Each structure stands twice: as C-alpha cells, then as structure tokens.
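Undergrad: okay, sequence plus prediction incoming.
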Amino acid sequence: MEYLARLHPVVIHFPIALFLAAAVADQLSARLGRRQYDLTASFCVTLATVSAYAAGIFGWFAADTASVPHDPAWMLIVHQWLGLSTIGFGTIAVLTNRLYHRRGKPIHRALYRLALYSAAMTVAGAGHLGSLLVRGEDFFKWGGAQ
C-alpha cells in the first residue's frame, strides 16, 4: 500500500492541469464558437476525471501511510473533501457533456459548464492545500520559504 501512496504526488498534476485546460478550452469554445475547442474541452475533462479517480485512490493510501512535515488535521480533511468534490464534479461534467452532444439541450450544456468550473475550482483548492501539507503554511508567504 505504501507504494500506491507514493503515486499520489505523481498523478495529481494531471487532473489539476487538465481541469484547468478544459475550462480554458470551454471558454474559447463559448467565445469563438469553434468546434475544436469544444472537442478539446471534452477530451480534457474526460481525461481529467479519470486521472482524478486515480489521484483520489492513491491519495487515500497516502493519507493512511505517508507522513507529511506539516499536518494540521483540518487541512488534510478539507483537502480530502475538495478532492472528492472534484471527482464528483468531474463525473457530472463528463456525463452532462455527453448528454449535450447526444441531445443538444441547453440545460445539459449549462449543467456541464457548472460542473466543469466547479471541478476546476475544487481541484485548484485541493492542490493548494496539498502543497501546504507538504511545504508548510508559510511556503507561499511573500519572500518564499524560510
């Protein structure tokens, strides 16, 4: 199990980057009306959600086995809930995006966007708290780490 826990820091960068890339591609699609951005967003959100599941599984192993230098209990709990929320929002985004492409109903597009941007925000929050758990709460203070 300790080996799986070590994969968490390796895998977490994929959902962070891909959810944010999906949100940017979706904005480009909405503003420019080009299908390639819509396809890019669909690809990114799908891959982001799959990698978020992997990161979540490895993260649960890490919470049980890994020791981090900075471990306020509230921070770990919020980090875990934000990670789970990211998985949930990502799953909803993938499903509603597929519904929109099959049925073309505007409500599916609106729900997709709500879920996508929620996933982007929660993954950013989870990533930030994860870095604070490893680097310490003073890491992002002006002037850098001590």
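TA: All right, it came through fine. Numbers count the residues shown, from 1 in each chain.
Undergrad: please, which helix or strand holds the nearest residue to T49 once chain neighbours are set aside?
TA: In this structure, T49 finds its nearest non-sequential neighbour in G90, 3.5 Å apart by C-beta to C-beta, 6 or more residues apart in numbering. For the C-beta atoms, the positions are set from N, CA and C on the backbone; glycine is no exception. Using DSSP states H and E, G90 sits in helix 73-103.
Undergrad: residues in contact with stretch 91-103: which ones?
TA: For stretch 91-103, contacts defined as C-beta atoms under 8 Å, 6 or more residues apart in numbering pick out 22, 41-42, 45-46, 49, 105, 108-109, 111-112, 115-116, 119.
Undergrad: for the helix or strand where D64 lies, packing partners?
TA: Using DSSP H and E, D64 sits in helix 35-65. In terms of contacts (3 or more C-beta pairs under 8 Å, 6 or more residues apart in numbering; DSSP states H and E), helix 35-65 is packed against helix 2-6, helix 8-11, helix 13-32, helix 73-103, helix 106-135.
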